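**Student:** have a look; sequence and predicted model below, questions after that.
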Amino acid sequence: MDRFLRPLVRGATYTRLVYLWVPMFVVSVWALIDDTRMWVPAALLIPAGLVPAVRTGEGLQARWLLAPGQENEAFSTAPARNWRDRLRTVVWLQARLLLGLLTAGACVWLPILAVELAGLSAGYRVDGIPVLRDAAPHWAFALLAPLPVIALYGAVVGLGAVATAGARALLGPSAAERFSALEERTEQLLERNRIARELHDSIGHALTVAVVQAGAARAAKDAEFTERALAAIEETGRDALEDLERVLGVLREARTPVGARPTLADAGRLLESARVSGAEVDAELMGPLEALPGPVSREGYRILQESLTNVVRHAGAVPTRVRVAVADGVLTLEVRNPLPDVRASPARGSGLRGIRERAALLGGRAHTGPEGGDWRVRVELPPG
């Protein structure tokens, strides 16, 4: 019984009733103008449904009245984009009008029927419902009087449920809209992953350089060396703050452009930062780095940054060979350094995974691991 009566306390039951009654206001107005051509409102709904913005209005009404308080995308609020959407809107307007007529009939005639059955049971003759006009009053009609009320309850709840299901089918997102929403969610996930990698590479590099420089300055106890270390920490920290501000700008506003992200043309500052941190970097830059496509050059910079960060963090002041070459538009980036102690293996953390992810997103290849007594990172990125 509780389950049977539950719809009576749901707000959606009554908002759906209002939704189904709305077309009846239009029909009522037309009836005052010409009650001999009641097919006209249905005919007028056909060209109305072909207007793209009408689909938006119907979707909003469905969200507010058929499913109030629910955060869902079952009802599209976008204008009709093609003829298929327009035709679906026309069909729904006709179906809504029909459901509204059924609802209005149930809400008007079923209460009248219940009242007349009660009147017959009390000994009064009735003349509202044609089938009851010749019925003789009898107490047994009292047993039938509740049936129209129950039928009214079923009609209101049932027609509301039918309207909701029909609206989900006809006003729901089209295949193009669902594909567009999927693309948008995919772009958001990719952007989140990119931001995570940006923060890891940029901030991780800056913190690594700062920690190594601070430790070296304290151990050296040399004023000149300490001055150089502080200068390196300051420059690296300033670059990291710029990167952090740019990434936070992307988070604050989804439409923020890529902007002036560093590219391989700025590789010199990475190499110098690694040298100041103690690594003996032997760098070889070959080919037109400035001619690389933006995405390839930017991701190449981050891969080089992470590779040098791992050298400073896990290997320390060791000879490091860096080779960056561009041939036929293909970028080859290789960083080699002597293997560190196994306890400080660079295989920990997410930096190497980030290198592989960056390469894979651009259709390239990345190899990271020991080779001939060295730790090698080799990445090949095709033209963008």
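**Tutor:** Good, I have the coordinates.

**Student:** from now on I want contacts and neighbour counts done on CA atoms only, so please keep to that.
**Tutor:** OK.

**Student:** poorly predicted segments of the chain, please.
**Tutor:** Along the chain, segments meeting pLDDT under 70 span 1, 71-72, 175-176, 179-191, 194, 197-198, 202, 246-260, 341-350, 384.

**Student:** would you map the helices across it?
**Tutor:** Remark: helices assigned in the chain by DSSP state H are 2-5, 11-33, 40-49, 52-61, 83-121, 141-144, 146-170, 175-220, 223-252, 267-276, 294-310, 351-361.

**Student:** CSV please, covering those helices and showing distance to Asp374.
**Tutor:** Shown next, in CSV, are the helices of the chain (distance: least, CA to CA, whole Å):
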stretch, distance to Asp374
helix 2-5, 71
helix 11-33, 68
helix 40-49, 70
helix 52-61, 63
helix 83-121, 62
helix 141-144, 93
helix 146-170, 61
helix 175-220, 21
helix 223-252, 27
helix 267-276, 18
helix 294-310, 13
helix 351-361, 16
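
**Student:** which one of the ones you listed is the most hemmed in?
**Tutor:** Among those, judged by mean count of other CA atoms under 10 Å, the one packed with the most neighbours on average is helix 294-310 (a mean of 23).

**Student:** for the nearest residue to Gly287 once chain neighbours are set aside, what are its contacts?
**Tutor:** Of all residues not flanking Gly287 in the chain, Val326 sits nearest, at 4.7 Å (CA to CA, 6 or more residues apart in numbering). With contact set as CA atoms under 8 Å, 6 or more residues apart in numbering, Val326 has these partners: Met286, Gly287, Pro288, Leu289, Thr332.

**Student:** pull out the buried members of the residues you listed.
**Tutor:** Leu289, Thr332 (16 or more other CA atoms under 10 Å).

**Student:** how about JSON lines for the contacts of Val326, with distance to Arg133 added?
**Tutor:** Listed next are the contacts of Val326 as JSON lines, based on distance: CA to CA, whole Å:
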{"residue": "Met286", "distance to Arg133": "102"}
{"residue": "Gly287", "distance to Arg133": "101"}
{"residue": "Pro288", "distance to Arg133": "98"}
{"residue": "Leu289", "distance to Arg133": "96"}
{"residue": "Thr332", "distance to Arg133": "95"}
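
**Student:** correct me if wrong: Gly237 contacts Thr208.
**Tutor:** No. Applying CA atoms under 8 Å, one finds Gly237 not in contact with Thr208, separated by 10.6 Å.

**Student:** for Leu50, give me its contacts.
**Tutor:** So Leu50 contacts Trp83, Arg86, Leu87, Thr89, Val90 (CA under 8 Å, 6+ apart).

**Student:** list the contacts of the residue lying farthest from the centre of the chain.
**Tutor:** The centre of the chain is farthest from one residue, Ala136, which by CA atoms, centre = their mean lies 66.4 Å away. Ala136 makes contact with Leu120, Arg125 under the criterion CA under 8 Å, 6+ apart.

**Student:** can we see that at 10 Å?
**Tutor:** Counting by CA atoms under 10 Å, 6 or more residues apart in numbering, Ala136 makes contact with Leu120, Ser121, Gly123, Tyr124, Arg125, Val126.

**Student:** cool, Val335 as well?
**Tutor:** 281-283, 303-304, 307-308, 311, 320-324, 368, 374-379.

**Student:** what's the domain layout of this structure?
**Tutor:** The chain breaks down by automatic domain parsing into domains covering 2-173, 179-381.

**Student:** brilliant, that's me finished.
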